[in-house]
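Chemist: Need a 3D model of the following:
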Amino acid sequence: MRRCEWWRVTLGACSLLASSLGPAACASTRGRDFGEVSVREGASHPRGGGEAQVHRSRQGIAVIETDVGRGMGFVIDPSGYLITNRHVIEDADHIVSVEFPELDPPRTYESIQVVYTDPEHDLALLHVTADEPLPWVPLATRKVVPVGRYLQETDVISTFRRAGDHEVFALDRGTVQRLAVYNEAAGPGAFVGVTAPIRRGQSGGPVLDDVGRAVGVVTWTWRESTGGFAIPISDATRMLQQRPALEGGAARLERANDRSRRFLEALGSGDVESARRLTSPSFARKVRGEALSAILGADEDGSLPVMQGFVAAVESLVGNPDTTTEAAYDRLREMVARTGTDGFREQLGLDEALASSQIVSFFYEFGQAYYAARSFGHEEPEAAVAAAMRRLQTIDAARTFALADAIDTLGGSAVEIDSVELVPGAYAPKALVTLRSDRLDDANDRDDARIALHLRLEWGDWYVASVGRAALSDGG
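Modeler: Next comes the predicted model:
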C-alpha cells in the first residue's frame with residue numbers, strides 16, 4: 001500500500017515537471033517521505049546515461065545570496081526544499097535570493113524560509129516559495145547507510161562553480177580521494193575528500209557521482225590547496241530523519257523539555273561542544289557583540305601590544321618540530337587560561353564590567369583559529385589574523401561567548417528540571433524551564449535563588465538562550 005501511494009505522489013510531481021525536464025528525469029527513482037519533505041533516490045542506470053542525468057541535476061543547483069556572502073544549495077524536493085550548508089546562512093541576517101542559473105530562463109526567488117539547521121553537522125534545510133515545481137537532484141541513497149554503500153575511493157565525481165561573471169555553472173571533474181577525513185574544527189563525523197577543485201562560494205553545492213546523483217554536500221577546504229571535502233549525503237538524510245515535528249503545543253513542550261535536559265547533561269558531563277550546539281544563535285550574537293565591543297574597543301595604546309604578544313606566543317607553536325599537534329593545543333589552552341587573570345585584564349585596559357570568561361572566550365576562539373590557519377591552512381601570519389577575526393564573527397564562535405555566560409550564571413550548582421512552560425513571544429515562541437537548584441538550601445530568599453533556562457524557537461528547533469532569573473524578560 002505504501003509503495004502504491006509513493007507512485008501516485010511521485011508520478012504526479014513528474015507530470016508537472018515533464019515540460020521542463022523531460023520524462024527521463026523521473027525514470028527509475030525511488031522516494032521516501034520525511035514529514036512534508038519527499039526525497040528521491042536516483043537510478044544507477046538513468047535513462048540517457050550519466051551525462052544526461054548530470055545535465056538534469058545541474059538544473060536543480062542554486063546560488064544562495066545572503067547579506068554577508070554567497071553559497072550554493074540544491075533541490076531535493078520539487079515543492080521547493082533545498083539542502084545547503086549551515087554556515088552559508090547562519091551568519092547572515094537574511095537570505096537575499098535563491099537563483100537557478102541553469103534553467104531557461106533562469107529563475108530567482110526571494111521568498112525563502114530557513115526550515116531547519118542541523119545542530120551537529122554543517123547542514124541546513126531551506127524552502128523556496130515557488131509558483132511551479134522545481135527540478136531536483138536525485139540522491140545516491142534515501143537511507144542512513146555507511147558511505148561505503150554508495151561511494152568508493154577513486155570513483156569519478158563532479159562539482160560545480162560559477163563560471164566567472166557568467167550566469168551558468170562550470171563543471172569540474174575529480175575523484176574520491178578518501179572516504180573518511182576527520183576535522184573537529186569543521187564538525188563531527190567523517191568527511192569525504194575529493195580531488196575536484198573547491199573554492200569559496202561553492203559551499204552547500206552537491207558532489208555528484210558519474211550518474212548524476214548527489215553523494216555529498218561541499219563544506220570546506222584549505223586555501224591554497226587542491227581538492228576539498230564534503231559531507232556524505234547520508235548525513236543529510238539523517239538530518240531529515242531526525243528533524244523534530246513541532247506542530248502543536250504538546251510537541252513543542254516535550255521537545256523543550258528534551259533539549260533542556262540534553263543541555264544540562266552536556267554541561268554536567270563536561271561535553272562543551274554539545275552544549276554549544278544547543279545554544280541560541282540570536283542570543284549568542286548578542287553576547288558576542290557586547291564582548292567584542294568591549295575588547296576591541298579598549299584603549300588601543302594598551303590593548304594592541306597585548307594582542308601582538310598573544311599572536312607571537314601562538315606563533316611559537318607553529319611549525320615546531322619538537323611539538324606534536326596535541327601538545328601544541330595543550331600549550332595553547334594554557335595561554336588562553338592566563339587571559340582570564342586580573343593582570344591580563346589590566347593590560348587590556350578593561351574594567352570589571354566584562355566577565356573574565358568573556359575575555360577567555362575571545363582568545364580561545366582567536367587563538368584556535370589562528371593556529372589552525374597557520375598550521376593546517378598554511379596561511380601567512382597576516383592572513384591567519386584575518387581568518388581568526390572572521391572566525392569571531394561566526395555563530396559557532398558566538399556560541400562560545402553565550403555558553404560562558406550560562407556557565408557563569410549556574411556557577412557550578414547542581415540543578416534539575418522543575419517545570420517547563422511555553423511563553424508566547426512577540427516574534428517567536430519561547431519556553432521557560434525552571435530549575436531546582438542546590439542553592440535553595442542556603443538561600444534566604446527562595447525567589448532570588450530560582451534559576452531558569454530561557455529557550456527560543458529558532459531554525460526549526462528549541463535553543464537555550466540566557467540562563468538567569470525564572471521570570472522571562474523581553475531580552476531573554
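
Chemist: how deep is residue 112 tucked in, by neighbour count?
Modeler: The criterion is other C-beta atoms under 10 Å. On that basis, residue 112 has 23 neighbouring residues. Placement of C-beta: from N, CA and C, glycine included.

Chemist: For it, give me phi and psi.
Modeler: The phi/psi pair for residue 112 (degrees, to the nearest 10) reads phi -130, psi 130.

Chemist: Name all residues that make contact with it.
Modeler: By C-beta atoms under 8 Å, 6 or more residues apart in numbering, the residues touching residue 112 are 95, 97, 98, 126, 127, 128, 129.

Chemist: Could you pull up the residues touching the second one?
Modeler: Same thing as residue 97. 64, 65, 108, 109, 110, 112.

Chemist: Okay, domains of the protein per the record?
Modeler: The record's domain split for the chain, according to automatic domain parsing, is 2-238, 300-390.

Chemist: Tell me which of these is the most buried.
Modeler: domain 2-238 (a mean of 19; mean count of other C-beta atoms under 10 Å).

Chemist: Which parts of the stretch 201-350 of the chain are strands?
Modeler: 206-209, 214-220, 228-232 (DSSP state E, counting those that start in this stretch).

Chemist: Ok, which of those comes nearest residue 303?
Modeler: Of all those, strand 214-220 sits nearest to residue 303, with 31.4 Å by C-beta to C-beta.

Chemist: And the helix or strand hosting residue 462, what does it pack against?
Modeler: Element membership for residue 462 (DSSP states H and E) is strand 461-468. Where contact means 3 or more C-beta pairs under 8 Å, 6 or more residues apart in numbering; DSSP states H and E, strand 461-468 is packed against helix 249-269, helix 281-296, helix 395-410, strand 451-458.

Chemist: got the CA coordinates for that strand in CSV?
Modeler: The C-alpha trace of strand 461-468 is given here as CSV (Å, rounded to 0.1, in the frame of the first residue of the first chain):
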residue,chain,number,x,y,z
ASP,A,461,14.1,23.7,17.0
TRP,A,462,14.5,25.0,20.5
TYR,A,463,17.8,26.5,21.6
VAL,A,464,18.9,27.6,25.0
ALA,A,465,19.2,31.4,25.3
SER,A,466,20.0,33.1,28.6
VAL,A,467,20.3,31.4,32.0
GLY,A,468,19.1,33.5,34.8
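
Chemist: That one: how far from the chain's middle?
Modeler: 18 Å (C-alpha atoms, centre = their mean, to the nearest Å).

Chemist: just stretch 239-251 next, same as before
Modeler: Chain-centre distance of stretch 239-251: 19 Å, with C-alpha atoms, centre = their mean.

Chemist: hmm, who's touching it?
Modeler: The contact list for stretch 239-251, computed with C-beta under 8 Å, 6+ apart, reads 34-35, 37, 39, 116, 118, 121, 123, 125, 144, 252, 255, 422, 457, 460-461.

Chemist: repeat for stretch 176-195
Modeler: With contact meaning C-beta under 8 Å, 6+ apart, stretch 176-195 is reached by 120-122, 147-148, 151-155, 157, 159, 174-175, 207, 215-216, 219-220, 226-232, 235, 273, 368, 372.

Chemist: Quick check: mean pLDDT of it?
Modeler: In this model, stretch 176-195 has a mean pLDDT of 90.

Chemist: any weak-confidence spans in this structure?
Modeler: 1-29, 164-167, 223-224, 299-302, 426, 438-449, 469-476 (pLDDT under 70).

Chemist: what about the helices in it?
Modeler: Using DSSP state H, the helices of the chain run over 2-21, 50-58, 86-89, 233-242, 249-269, 272-277, 281-296, 300-315, 325-338, 342-348, 356-375, 381-392, 395-410.

Chemist: I'd like to know which of those helices lies nearest to residue 197.
Modeler: Evaluated over the helices of the chain, closeness to residue 197 peaks at helix 50-58, with 16.8 Å, by C-beta to C-beta.

Chemist: Parallel or antiparallel, which strands does the longest strand anywhere in the chain pair with?
Modeler: Assignment by DSSP state E gives strand 169-183 as the longest strand of the chain. Each strand paired with strand 169-183, and its direction, by DSSP bridges: strand 156-162 (antiparallel), strand 187-194 (antiparallel).

Chemist: Thank you, goodbye.
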